[in-house]
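A.B. asks: Attaching a predicted model along with its sequence, questions to come.
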Amino acid sequence: MKTFLSTVALITALPFAAMAENPMVGGAAMYADKNIVENAVNSADHTTLVAAVQAAGLVETLQGEGPFTVFAPTNDAFAALPAGTVDTLLMPENKDTLIKVLTCHVVGASVMAEALIGMIEGDGGAHAVPTLGGCTLTATLMDGVVTLTDENGTAAHVTIADVMQSNGVIHVIDAVLTPKM
């Protein structure tokens, strides 16, 4: 299986001028000249994610140069977790666990959907995606939808792809991925 980072040169070589206008996310326009945090705070669908990023102390990191790919769970994805999970993760004493969960949604490269699909197809239908949190997600494609599966078997579907940021790209997903604990 090819490694995810071995294809970064190919991915980052995609011409920005050829990219279409950014999709709306959570009822808000997303601007390619703003960073991940600046755009995320405007999405009504990502208030829980923004609160978690703030509680984890990751705002400065995700405002940094990058590049990053963020698989961004929606509020509904967080709400689907067992009752009390989000409140527990947001407690100061659980900051390390929260950081681990959040960074399992972040890749240290800017990866557009077309490139990820190419990697999936090039690897025979499943591509390993190592995250900054030390998790390895498995990316697959079915009926034109990219699915990411974590080490616990939780599957998240990309519902909005290729939301360009000044420091990377966001792909909106419908589930929260967690590290193997």
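C.D. replies: Cool, the structure landed.
A.B. asks: Report the central residue of this protein.
C.D. replies: Phe71 (1.3 Å; C-alpha atoms, centre = their mean).
A.B. asks: Is the spatially most distant residue from the centre of the chain in a helix, a strand, or coil?
C.D. replies: Most distant from the centre of the chain: Glu93, at 24.5 Å, with distances by C-alpha atoms, centre = their mean. Secondary structure state of Glu93, per DSSP: H, G, I helix; E, B strand; the rest coil, is helix.
A.B. asks: any idea how far it lies from Ile36?
C.D. replies: 26 Å (C-beta to C-beta, to the nearest Å). From N, CA and C alone the C-beta is placed, and that goes for glycine too.
A.B. asks: Return the residues in contact with Gly168.
C.D. replies: Ile36, Gly66, Pro67, Phe68, Thr69, Val70, Ala109, Ser110 (C-beta atoms under 8 Å, 6 or more residues apart in numbering).
A.B. asks: And Gln54, by the same measure?
C.D. replies: Per C-beta under 8 Å, 6+ apart, neighbours of Gln54: none.
A.B. asks: tell me the SS of it?
C.D. replies: Under three-state DSSP, Gln54 comes out as helix.
A.B. asks: Tell me which stretches of this protein form strands.
C.D. replies: 68-73, 106-107, 126-130, 136-142, 145-149, 155-165, 168-173 (DSSP state E).
A.B. asks: For the ones you listed, please prepare a markdown table with the additional fields mean pLDDT and distance to Thr85.
C.D. replies: Formatted as a markdown table, those follow (pLDDT from 0 to 100; distance: least, C-beta to C-beta, whole Å):
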| stretch | mean pLDDT | distance to Thr85 |
| --- | --- | --- |
| strand 68-73 | 97 | 12 |
| strand 106-107 | 96 | 20 |
| strand 126-130 | 97 | 23 |
| strand 136-142 | 96 | 19 |
| strand 145-149 | 97 | 19 |
| strand 155-165 | 96 | 16 |
| strand 168-173 | 96 | 17 |
